[in-house]
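A structural model of the following input is requested.
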Amino acid sequence: MRTPGDDEELAAGFLHGEGFINSRAELGEIRRVRDAKGIPEPNALDIVLNVPAERLRERLSRNFTINSSCGICGRTSIESLSRRISPIKDEFRVRAQKILAIAPKLRASQQVFAATGGLHAAARFDRAGELLATREDIGRHNAVDKIVGHALMNDQLPLTCCIVMVSGRLSFEIVQKAAAAGAPILAAVSAPSSLAVELAEEMGLTLIGFLREGGFNIYTHPDRVIA
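The predicted structure follows:
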């Protein structure tokens, strides 16, 4: 269940976040499934991965489903994620004023939300607070997958020099996706769950909540933010 649009990015970001692929080279080809008349199917993609069979079999040992709910949608074990995703270690620093400036930029970029009031969004910004990309979807984690997929398909991973921001709350799976993409800072307009905070601490990711109305809270790794 998703908002149609940027479907190739959604698929690519999901595969990366769940550990099915680790790079653009492993993605191979994404193409629309067509019916007997050659008409593209609007809700199906055919994805060819450049991953050796044995390695792919190991990665596909579990089945995954994307939906728009707020539950945990992928791997639920912090221990298993720690084995798959290396903790983020970098010298990325950003001034608090730059972080404060990104919230209104995210809101201004939400064109479908402005028309409907019904979609979430995810965006990535550079160190100077400049907007690099925005994606909208009914599911917050789908929007993050689209942002990561966009970066993956344009050879811009890892997101080591980016701030990722989402509308709504910060859940476990959103932290998982941001950490897998290598983003040092993840922010949201609302609160994180306790499990999201725990995972962010383990992954070395700076977690920021309640980024709105001229303020924010820092939950993990505050050294990246310059007062």
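
Please count neighbours and contacts with C-alpha atoms only from this point.
Will do.

Can you tell me the element the closest residue to residue 51 other than its chain neighbours falls in?
Nearest non-adjacent residue to residue 51, counting by Cα to Cα, 6 or more residues apart in numbering: residue 26, 5.8 Å away. With elements taken from DSSP states H and E, the one containing residue 26 is helix 24-27.

what is the rounded mean pLDDT of that helix?
Mean pLDDT, computed over helix 24-27, is 94.

can you count the residues close to the residue nearest to residue 51?
Using other Cα atoms under 10 Å, residue 26 is surrounded by 15 other residues.

wouldn't it be in contact with residue 55 here?
No: with contact defined as Cα atoms under 8 Å, residue 26 does not count as touching residue 55 (11.4 Å).

Enumerate every residue touching the most centrally placed residue in the chain.
Nearest to the mean C-alpha position of the chain, counting by Cα atoms, centre = their mean, stands residue 144 at 3.1 Å. Residue 144 makes contacts with 13, 121, 122, 123, 135, 166, 174, 177, 178, as judged by Cα atoms under 8 Å, 6 or more residues apart in numbering.

Just the ones in strands from those residues, please.
Judged by DSSP state E, those include 121, 122, 123, 135, 166 as members of strands.

Mind picking the two most distant members of these?
Farthest pair in the ones in strands among the contacts of residue 144 (Cα to Cα) is 135 and 166. Separation: 9.7 Å.

Spit out the residues that contact the two alike.
121, 122, 123, 144.

so which of these comes closest to residue 30?
Of all the shared contacts of residue 135 and residue 166, residue 144 has the smallest distance to residue 30: 18.8 Å, by Cα to Cα.

All the helices of this structure, residue numbers only.
7-17, 24-27, 53-59, 78-84, 96-109, 111-116, 140-153, 172-180, 194-203 (DSSP state H).

any idea which of these is most buried?
With neighbours taken as mean count of other Cα atoms under 10 Å, the helices of the chain reach their highest mean count in helix 140-153, at a mean of 28.

So what's the residue count around the closest residue to residue 45 other than its chain neighbours?
Spatially, and ignoring its direct neighbours in sequence, residue 45 is nearest to residue 32 (4.7 Å; Cα to Cα, 6+ apart). Neighbourhood size, residue 32 [other Cα under 10 Å]: 16.

Quick one: residues contacting residue 32.
With Cα under 8 Å, 6+ apart, residue 32 has these contacts: 40, 41, 42, 44, 45, 46.

ok, now with 7 Å
For residue 32, the contact set (Cα atoms under 7 Å, 6 or more residues apart in numbering) comprises 40, 41, 44, 45, 46.

And the pLDDT for the residue in the chain sticking out farthest from the centre?
Most distant residue from the mean C-alpha position of the chain: residue 37, 35.6 Å away (Cα atoms, centre = their mean). Looking at residue 37, its pLDDT reads 91.

measure residue 166 to residue 190 for me?
Here residue 166 is placed at a distance of 9 Å from residue 190 (Cα to Cα, to the nearest Å).

Tell me where the chain is predicted with low confidence.
The model of the chain has pLDDT under 70 over residues 62-77.

the longest strand in it is where?
strand 40-48.

Now do that strand: everything it contacts.
Identification of contacts with strand 40-48 by Cα under 7 Å, 6+ apart yields 27, 28, 29, 30, 31, 32, 33, 34, 35.

Next: stretch 155-163.
24, 92, 124-127, 151, 181-186.

for stretch 209-219, same thing?
Residues outside stretch 209-219 that contact it (Cα under 7 Å, 6+ apart) are 100, 103, 187, 188, 189, 190, 191, 192, 197, 207, 208.
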